[in-house]
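A.B. asks: Sequence plus the predicted model coming up.
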Amino acid sequence: METSRDEAMRHHAPLLSELRALLGDAYVLVEKEDVIVYEQDGSIMQVMPEIVVLPADVAQVAAVVHAARRAGVPVVPRGSGTGLAGGAVPAEGGIVVSLARLNRIAEVNLRDRLAVVEPGVINLDVTKAVAKDGFFFAPDPSSQVACSIGGNVANNSGGPHTLAYGVTVNHVLGVEVVLDDGHVLWLGGRVPDTPGYDLTGIFVGSEGTMGIVTKVVVRLMRTRETVRTVLGIFDQMDNACRAVVEITAAGIIPAALEMMDRLTIEAVESGAPVGYPRDAVAVLLVEVEGLREDADRAIAQVQAICTASGAREVRVATTDAERQRLWKGRKGAFGALGAVTPNYYVQDGVVPRSQLPAIMRRIEEISTQYGLRIANVFHAGDGNLHPNILFDMRQPGQLDRVIDAGEAILRACVAVGGSITGEHGIGLEKKAYIGLLFTPADLEAMTRVRRAFDPNGRFNPAKLFPTPISCGEIRREPAKIPAGLWI
Amino acid sequence: MEGAHALQPPAPTHRGAVLDIPELYQCVHCGLCLTHCPTYRVTALEPESPRGRIHLVRAAAEGRIEPNERFGDHIYLCLMCRACETACPSGVHYGRIAEAARAVLGPPGSPFARAVATFAFTQLFPFPWRLRLVGALLRFYQRSGLRRLVRGVLPQRLRDMELLLPPVPDHFFSPPAGDLPAIGDRRARVGVLSGCVMSLLFGAVNDATVRVLRRNGCEVVIPPGQGCCGALNVHNGETQAAKAMARRNIDAFLAADVDAVIVNAAGCGAAMKEYGTLLRDDPAYAAKADQFAKKVKDASEFLVQLGIVPPAGRVEMVVTYQDPCHLVHGQRVRTQPRKLLEAIPGMQVVEMDGSDRCCGSAGIYNVTHPEMSQELLREKMEAIKHTAAAAVVAPNPGCMLQLQYGSQRFGPPLEVFHLMDLLDRAYETPAAGPPP
């Protein structure tokens, strides 16, 4: 009995034979047992792909796009598939293009403080390649041991250290991109501030909706002389939030200022323990970098502020091993949630720092109201929240409550003057909420920019923008889900 | 009768239903395991990553895909190195998930290969005397002209595999009967697993292990009723004989009334520490298995815990250390072997890049998946070359064989030692006297 999948494959036979001729059989996947693993990224959304291809270089990427264009099918680029908003989920079918094989660091130029890397290069590997020479790549998402530079570009990724150093777009000098019409062109270049329009800035953060990145010129930074790290331990959430506000009010710009609540600590200590105190209501992980004298003075100030705000203890990392352990816990926090719940729905909102105490109280109210545990781990320093709603997908009705609770949180963020995403992107997950921030005129202008790059809507359709664009529809229908989507 | 029907449990709707184990639900798909997985690093394919394999098992458990041949290909390309478990922030027990999948699939390969494997796992490994016979035949094959003859007619692929056959030594390990007393103050009573491969091919390492333990105040007993630990069985989808072998070892060692069960082969140690999981559905043995598992210690782990008698003899050597996967990932024993090496006067340890990355031996993987195995071995020998060490230490027989082969095939020229070899040498070498 022929399934709809078999039928689709027959329909795509000419496309498939063209792709196989281009890439070889091993890198064109159609069997269910091969493609089903590409139905999901780091979020909870799943859509079974039709075809998955893994090109080896920019020429093959361009050829794949050309073949997709002739067959009239969409293209969904994928890095390491660690994104949290469904950006790599093939919502409208088509070809998933994995960039994992474009994993070469093509050039390292320390004198000009740049490196040219392919999109499949792992974020942390960029820093590893230049660390012994005293350099690093600043954007450090928690997933940096696995996430790709291409993914970082698509999402304009943040990370704990972007508080001081800026997000991905501040560290990308140029990108080589493949567009739908087959052109391979450079946006930006090897120096900051190239003349003409800032097309690099438009592309970074476009979530794969304009073309496929095939090379990235990244900016390297000099490693600071000294780093000092402390863990502030609090028995009241209000006190921890107050410490955050006071630290920034004192004029200290930490390299990182992260918060984790009790539920998150418990997850970390159950999954891969690092020694966080299990009974604390909140911990602040604060790091300062700079010249030795500056760093010492700043961290002493941080300790004093934490204590004055009501911290019961402030632990200082005295060795690099201790520092690494503190960070390992923070960077593993999302994954660690798996130790305490079968599923979690990661939220990503932003509020002005001064509103942190209020929003944390509101999140607790929402948790009680919907009867769902919420684990908070986030970049307190810039007000970027990650309230993670814990649930069990197998329990009937829970998912609906989760989505409602998530929407309530986003509305609360917007209500205090914040935004619906700090760094994870709109992707598939939040496109229904984009109307909370933008008017139809805004969305239309943005759509026209997108169409300038991708007139046929080939790349990552059904992401970013709600379809159709209508203010009223967006507000009334949260999470408009395409047919075939299994959450 | 209606009542009788109601009492029958519903038939599983698909073959994968038995894969619905609780461990599956700890994975949240974060992907942090990907870059730690050797097969993902080589192929860049998601189905050859731990996250991908877990996804496949979960899909099979839900009936969305069948545990068919293609599914099996992905599951069996995995080395079972468990580097992913070390990397996972959620503590997912990947090993258990993969073993459950392999139990459903049965041994890998062609029908002939599966038949050979099943024969070996059920008719050879559980029977120590049969293994000795095979060892003796192999020795004869290697020393008579037979080997040259056979190699002359073998196709290339089999000839390469034949090279993997280690030289069978003159003597097999002959476990002495009775208790061997401690040398010096008695600090513990321990049992030692002689092991199937260790006894046949590395009997000298077993002798060294016993001597080192005795020098550290251990009364040593090698219980006669023991046998193969069953690791190879479990990794290749055979569980019936494996459980019988586990029960036999549990009985033999618990009867010997020892403080610890010492293992000098990393693969065996990991397998025996997990007897509790293997026998969790056996009401007669579940508790005993847990009790037994708690006593199992790698030799290095036990010696550091006990506190070693510092060896006096010098062994002047520059070595690098290969973390056997089932020691560093399977048992989380990483610092102890290094501490012991550093305790040997004259020993210098140079760390290699990726010392905890699999060498490609992985049980019988180097035979079942030669291309991937060779690629990983090539990378490993490259990393060793960079250390400029003259020797590599790897406390596991599979790794030792693979590295010996790698040294021959890819270079550099190397001596391959078990940790116990070197410790024993340090104890048996007379301390340098005062200068004249």
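C.D. replies: In hand now; what should we look at?

A.B. asks: tell me the average confidence for stretch B:388-403?
C.D. replies: Here stretch B:388-403 scores 96 as its mean pLDDT.

A.B. asks: Just the buried residues of it, please?
C.D. replies: Neighbour-count burial for stretch B:388-403 flags B:389, B:391-403 (criterion: 16 or more other CB atoms under 10 Å in any protein chain shown). In short, each C-beta sits where N, CA and C put it, glycine included.

A.B. asks: what do you get for stretch A:363-373?
C.D. replies: Applying 16+ other CB under 10 Å to stretch A:363-373 flags A:363, A:366-367, A:370, A:372 as buried.

A.B. asks: Let me see the domain layout of the chain.
C.D. replies: Unless you meant another one, I'm taking chain A. A:4-98, A:105-222, A:226-337, A:341-476 (automatic domain parsing).

A.B. asks: that's the other chain; I wanted chain B
C.D. replies: If you go by automatic domain parsing, chain B breaks into B:16-105, B:111-163, B:188-305, B:312-428.

A.B. asks: Any residue of the last one touching chain A?
C.D. replies: No. Between domain B:312-428 and chain A, judged by CB under 8 Å from any CB of the partner chain, nothing touches; the nearest distance is 10.8 Å.

A.B. asks: what's the span of that domain from first residue to last?
C.D. replies: 9 Å (CA to CA, to the nearest Å).

A.B. asks: Next: the third one.
C.D. replies: The first residue of domain B:188-305 is 12 Å away from its last residue (CA to CA).

A.B. asks: Equivalent analysis for the second one, please.
C.D. replies: Criterion CA to CA; first-to-last residue distance in domain B:111-163 is 24 Å.

A.B. asks: Which helix in chain B has the most residues?
C.D. replies: Ranked by residue count under DSSP state H, the longest helix found in chain B is helix B:370-387.

A.B. asks: Would you point out which residue is most central in the chain?
C.D. replies: Just so you know, I chose chain A. By CA atoms, centre = their mean, the mean C-alpha position of chain A lies nearest to residue A:424, the distance being 3.7 Å.

A.B. asks: hmm, I had chain B in mind actually
C.D. replies: residue B:267 (1.8 Å).

A.B. asks: Within the helices and strands, which one has that residue?
C.D. replies: Assigned by DSSP states H and E, residue B:267 belongs to helix B:266-273.

A.B. asks: Give me the helices and strands touching that helix, please.
C.D. replies: helix B:231-235, strand B:260-263, helix B:286-295, strand B:296-298, helix B:325-328, helix B:397-410 (3 or more CB pairs under 8 Å, 6 or more residues apart in numbering or on different chains; DSSP states H and E).

A.B. asks: List the contacts of residue A:329.
C.D. replies: Contacts here follow CB atoms under 8 Å, 6 or more residues apart in numbering or on different chains; on that basis residue A:329 touches A:260, A:268, A:272, A:274-276, A:336.

A.B. asks: Okay, residue A:225 and chain B: tell me how far apart.
C.D. replies: 26 Å (CB to the nearest CB, to the nearest Å).

A.B. asks: That residue against residue A:288, yeah?
C.D. replies: No. Using CB atoms under 8 Å as the test, residue A:225 is too far from residue A:288 to be in contact (11.6 Å).

A.B. asks: Please identify every residue contacting each of the two.
C.D. replies: Contacts common to residue A:225 and residue A:288, judged by CB under 8 Å, 6+ apart, are residue A:295.

A.B. asks: Have a look at the two and say which one is more surrounded.
C.D. replies: With neighbours defined as other CB atoms under 10 Å in any protein chain shown, residue A:225 and residue A:288 compare such that residue A:288 has more, 27 against 13.

A.B. asks: State whether that one and residue A:228 are indeed in contact, as I suppose.
C.D. replies: Yes. The criterion here is CB under 8 Å, and residue A:288 meets it with residue A:228 at 5.3 Å.

A.B. asks: Identify the contacts common to these two.
C.D. replies: A:295, A:298-299.

A.B. asks: what about residue 96, neighbour count?
C.D. replies: This is for chain A. Neighbour tally, residue A:96, other CB under 10 Å: 26.

A.B. asks: The intended chain is chain B.
C.D. replies: 18.

A.B. asks: Can you give me the distance of the nearest residue to residue B:173 once chain neighbours are set aside to chain A?
C.D. replies: Counting by CB to CB, 6 or more residues apart in numbering or on different chains, residue B:203 is the residue found nearest to residue B:173 once chain neighbours are left out, at 3.4 Å. Distance of residue B:203 to chain A, given as CB to the nearest CB: 39 Å.

A.B. asks: Now do the same for the residue nearest to residue A:302 when sequence neighbours are not counted: helix, strand or coil?
C.D. replies: Spatial nearest neighbour of residue A:302, chain neighbours left out: residue A:286 (5.1 Å); criterion: CB to CB, 6+ apart. What DSSP: H, G, I helix; E, B strand; the rest coil gives for residue A:286 is strand.

A.B. asks: Listing request: residues of the chain with sub-threshold pLDDT.
C.D. replies: Picking chain A for this. A:1-2, A:421-423, A:425-429, A:432, A:467-487 (pLDDT under 70).

A.B. asks: Oops, wrong one, chain B.
C.D. replies: In chain B (pLDDT under 70), the answer is B:1-13, B:432-436.

A.B. asks: Which residues of it lie near chain A?
C.D. replies: So far as CB under 8 Å from any CB goes, chain B lies against chain A at B:25-36, B:44-47, B:49, B:51-52, B:55-56, B:59, B:64-65, B:68, B:70-71, B:74, B:87-92.

A.B. asks: With just CA atoms, put the helix or strand that contains residue A:59 into CSV.
C.D. replies: Using DSSP H and E, residue A:59 maps to helix A:58-71. C-alpha atoms of helix A:58-71 as CSV (Å, rounded to 0.1, in the frame of the first residue of the first chain):
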residue,chain,number,x,y,z
VAL,A,58,29.7,26.2,-1.4
ALA,A,59,29.5,24.8,-5.0
GLN,A,60,27.4,21.9,-3.8
VAL,A,61,25.2,24.3,-1.7
ALA,A,62,24.6,26.5,-4.8
ALA,A,63,23.8,23.4,-6.9
VAL,A,64,21.3,22.1,-4.3
VAL,A,65,19.5,25.5,-4.2
HIS,A,66,19.4,25.5,-8.0
ALA,A,67,17.9,22.1,-8.1
ALA,A,68,15.3,23.1,-5.4
ARG,A,69,14.4,26.2,-7.5
ARG,A,70,13.8,24.1,-10.6
ALA,A,71,11.7,21.7,-8.7
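
A.B. asks: what's in contact with that helix?
C.D. replies: A:12, A:14-15, A:18-19, A:22-23, A:53, A:55, A:74-75, A:94-95, A:97, A:99, A:102, A:176, A:178-182, A:184, A:212, A:214-215, A:456, A:458.

A.B. asks: Also stretch B:51-65?
C.D. replies: So stretch B:51-65 is contacted by A:32-33, A:36-37, A:40, B:13-17, B:19-21, B:24, B:27, B:29-31, B:33-34, B:40, B:45-47, B:66-67, B:71, B:74-75, B:78, B:92, B:94, B:97-98, B:100-101, B:104 (CB under 8 Å, 6+ apart).

A.B. asks: Check stretch A:387-400 too.
C.D. replies: A:44, A:263-264, A:334, A:337, A:340-347, A:349, A:363, A:372-378, A:401-402, A:405-406, A:409, A:487.

A.B. asks: What is the neighbour count of the nearest residue to residue B:411 once chain neighbours are set aside?
C.D. replies: Leaving aside its chain neighbours, residue B:411 sits nearest to residue B:381 (6.6 Å; criterion: CB to CB, 6+ apart). Neighbourhood size, residue B:381 [other CB under 10 Å]: 21.

A.B. asks: Surely the residue nearest to the centre of chain A is in contact with residue A:42?
C.D. replies: No. With contacts counted by CB under 8 Å, residue A:424 stays clear of residue A:42, the gap being 9.1 Å.

A.B. asks: Pull up the overlap in contacts between these two.
C.D. replies: A:83-84.

A.B. asks: Correct me if wrong: residue B:263 contacts residue B:296.
C.D. replies: Yes. At 6.3 Å, residue B:263 counts as touching residue B:296 under the criterion of CB under 8 Å.
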